[in-house]
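[1] Prediction below, plus the sequence it came from.
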Amino acid sequence: MYVETISQGAVPCLENAVLAVAQMENQAAVEEGLKLYQSCIEPLKTRFPVDMDQMSEHQRADHQATQEFMNRSFKDENGEFLTMLATGITKHYEELLTQNGEASEKKCQDLLRDLSAPVAQKIQDGFFAKPGGYELYCDLHDNLVALYRSTPNKGIRAEEVLERLLKEKSVESNSILQADQKLTDSKKKIHEEKERAALMEQEKKATEKKYEEMELKMEDDRRSQEVKMMKMEEKMKKEFRQQQEEFNRAQDHNLKEQKALLEQGFKEKADLMRRQMEQAQEMQMLKNEIDRLKRRKPKNCVIS
């Protein structure tokens, strides 16, 4: 682009050319980072449903994608493209959480349907419609819940699905309880209270599980944000050092050229070069101050 401008007879601006290249290269860096994140996280999908602690593999993939972006990007001074990467990763992570939740929901529903089938058949056959039928029903129901809880790898919706089942079965349970002629009214009330307490306890467990999942996700987001800010600050410092080194090399070259002009008797040209060097020094000091202020507020540049 820079050479093309010259060939067309126009006055080139190197800064504009660099910015244009930076835009294209940073966009490509975002795409490469997202591609790497997706490839790193893909094996996790084959194990769905998983618990939230296993979803922490997202952190490793996030770090690798961010590092890939940092290695390729340059002059992303406002964090615009790092923000694009973070937004893309967050969107993909939300989709993974949804897929994992749906897989957990299906597995738990299928498991409960299989475990409930023998009890449902006994109800249909009238097995519990006799004195003492409620206690038999409770024994089978408790065994069902124990088998469900002992089954591993149910994922993040296990308690929530169980809570819904218990609420659905409460009507069925109460019907068998009222039909049991062996129990007195006072015993029936005691059983009703126990069932209500069990429902409340299960609801509490489901709520605690949701809160735990939310806390883990927030912690993942916090760690991801911290890593991005640390990497961004390191990159900005590195770019600042490189710019300073380039400026120093240019100044050294100008000093040598000025000295040569003085030695050759070109005092006016040497004075002009000295003034230009002083102006360049002032501009560099101003730029350094602007860069310093930018580095003081990196958190305004990135979202997660």
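    Everything's here; your move. Numbering: from 1, shown residues only.
[2] How many neighbouring residues does Arg275 have?
    9 (other C-beta atoms under 10 Å). Just so you know, the C-beta spots here come from the backbone N, C-alpha and C atoms, and that holds for glycine as well.
[3] so which helix or strand takes in it?
    helix 267-296 (DSSP states H and E).
[4] Name the nearest residue to Lys154, ignoring sequence neighbours.
    Cys108 (5.3 Å; C-beta to C-beta, 6 or more residues apart in numbering).
[5] Wait, Ala103 touches Arg47, no?
    No. Using C-beta atoms under 8 Å, Ala103 is not in contact with Arg47; the gap is 9.4 Å.
[6] More neighbours: which of the two?
    Legend: neighbour count by other C-beta under 10 Å for Ala103 and Arg47, higher for Ala103 (18 against 13).
[7] re the thing from before, just give me the neighbour total for the residue nearest to Lys154.
    Counted by other C-beta under 10 Å, the residues lying close to Cys108 total 24.
[8] Does it lie in a helix or a strand, and which?
    Judged by DSSP H and E, Cys108 forms part of helix 80-124.
[9] so what secondary structure elements neighbour that helix?
    When contacts are defined as 3 or more C-beta pairs under 8 Å, 6 or more residues apart in numbering; DSSP states H and E, helix 80-124 packs onto helix 14-45, helix 57-72, helix 133-150, helix 158-179, helix 185-263.
[10] packing partners for the shortest one?
    Looking back up the chat, that one is helix 57-72. Counting by 3+ C-beta pairs under 8 Å, 6+ apart, helix 57-72 packs on helix 14-45, helix 80-124, helix 185-263.
[11] what packs against the first one?
    It stands for helix 14-45. helix 2-7, helix 57-72, helix 80-124.
[12] of those, which approaches Ala146 most closely?
    helix 80-124 (9.9 Å; C-beta to C-beta).
[13] Show the model's pLDDT score for Gln124.
    Gln124 carries a pLDDT value of 88.
[14] Low-confidence stretches in the stretch 1-150 of the chain?
    Counting by pLDDT under 70, the stretch 1-150 of the chain shows low-confidence ranges at 1-2, 11-16.
[15] no wait, the stretch 201-304 of the chain
    243, 247, 250-251, 253-254, 257-258, 260-274, 276-277, 280, 284, 287-304.
[16] again, only this time at 80
    201-203, 205-206, 208-304 (pLDDT under 80).
[17] what about Thr5, neighbour count?
    15.
[18] what's the distance between it and Glu213?
    55 Å (C-beta to C-beta, to the nearest Å).
[19] Same check on Thr98?
    13 Å.
[20] just to revisit the earlier point, so the residue nearest to Lys154 sits against Val161, correct?
    Yes. With contact defined as C-beta under 8 Å, Cys108 counts as touching Val161 (3.9 Å).
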